[in-house]
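Engineer: following is a predicted model, sequence given first.
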Amino acid sequence: MRGKGVWAGIALIVLLLAVGGAGWYQQQFGGDERAGEPVGGPITLPSTEGEFRLEALGEEQVAVVFFGYTYCPDVCPMSLAVVRQSLAELAPEQRERVVPLMVSVDPERDTLARLEEYLAFFGERFIGATGSQARLEELAGRYGVVWRKVEAPDSAMAYTIDHSSSLYLVDREGEILRRVLYSPSHRGLLAALRETL
């Protein structure tokens, strides 16, 4: 019985650490709350499809906007997989109204060619965009996105980027219709898309 108590105690500690760690991550980088309510607004950036402009979307279309980078080891591929899975479960007529857009916050490494190659793994509908550091900072400020470069001298990558991980459903006017917090499950995004569409 004593052994069971020890294992139950260890399990509780692990659970508390996991919940605390997730809360810390969300506060630091899922955390658009730190920057106040995001205001959104226009997005105009060079992209894998030419110049991307939100205002060029159709009246019935919405963009699913995600800020990340192609060398991201976990959060970015997971979020893009969530978008892909959500699109797959929409009705075809709804799917046509959704434009998935990844804005890279790593313009130093993420060329448009690199973005195109990377996003091809998630589907032909995915658009990659980036811009100058100043342009990205202005855009990120309006969307409540925070990121920081973390030097990794012992890694072949040289640096990583810690960043916010929310998904934004945005209309052609730049209005944020819904903000979906990071999750490895696609259910939250799928529900948000169905309600919005």
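Structural biologist: Looks like it came in fine. Numbers count the residues shown, from 1 in each chain.
Engineer: need phi/psi at the closest residue to residue 82 other than its chain neighbours.
Structural biologist: Nearest in space to residue 82, with sequence neighbours left out and distances taken as CB to CB, 6 or more residues apart in numbering, is residue 186 at 4.4 Å. In this view, the C-beta of every residue, glycine as well, is placed from N, C-alpha and C. Per-residue torsions, residue 186: phi -90, psi 0 (degrees, to the nearest 10).
Engineer: residue 186: neighbour count?
Structural biologist: The criterion is other CB atoms under 10 Å. On that basis, residue 186 has 21 neighbouring residues.
Engineer: so how far is residue 45 from it?
Structural biologist: With the distance defined as CB to CB, to the nearest Å, residue 186 ends up 26 Å from residue 45.
Engineer: now swap in residue 62 and tell me
Structural biologist: As defined by CB to CB, residue 62 lies at a distance of 17 Å from residue 45.
Engineer: those two: who's more crowded?
Structural biologist: A count of neighbours by other CB under 10 Å puts residue 62 above the other of residue 62 and residue 45, at 23 against 20.
Engineer: the more buried one touches residue 168, doesn't it?
Structural biologist: No: under the contact definition of CB atoms under 8 Å, residue 62 does not touch residue 168, with a separation of 9.6 Å.
Engineer: ranges for the strands of this structure?
Structural biologist: Secondary structure of the chain, counting by DSSP state E: strands at 44-47, 50-53, 62-68, 98-104, 127-129, 147-152, 158-163, 167-170, 176-180.
Engineer: mind putting these in TSV, mean pLDDT and distance to residue 136 included?
Structural biologist: Compiled in TSV, the strands of the chain are given as follows (pLDDT from 0 to 100; distance: least, CB to CB, whole Å):
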stretch	mean pLDDT	distance to residue 136
strand 44-47	98	8
strand 50-53	97	13
strand 62-68	97	9
strand 98-104	98	7
strand 127-129	98	10
strand 147-152	85	9
strand 158-163	86	11
strand 167-170	98	15
strand 176-180	97	18
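Engineer: could I get those strands as CSV with distance to residue 85?
Structural biologist: Supplementary listing: these in CSV, determined by distance: least, CB to CB, whole Å:
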stretch, distance to residue 85
strand 44-47, 23
strand 50-53, 23
strand 62-68, 12
strand 98-104, 12
strand 127-129, 18
strand 147-152, 25
strand 158-163, 21
strand 167-170, 12
strand 176-180, 13
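Engineer: residues contacting residue 177?
Structural biologist: By CB atoms under 8 Å, 6 or more residues apart in numbering, the residues touching residue 177 are 62, 169-171, 196.
Engineer: which of those residues has the most neighbours?
Structural biologist: Most neighbours among the contacts of residue 177, by other CB under 10 Å: residue 170, with 26 neighbours.
Engineer: what ranges of the protein fall below the confidence cut-off?
Structural biologist: 1-36 (pLDDT under 70).
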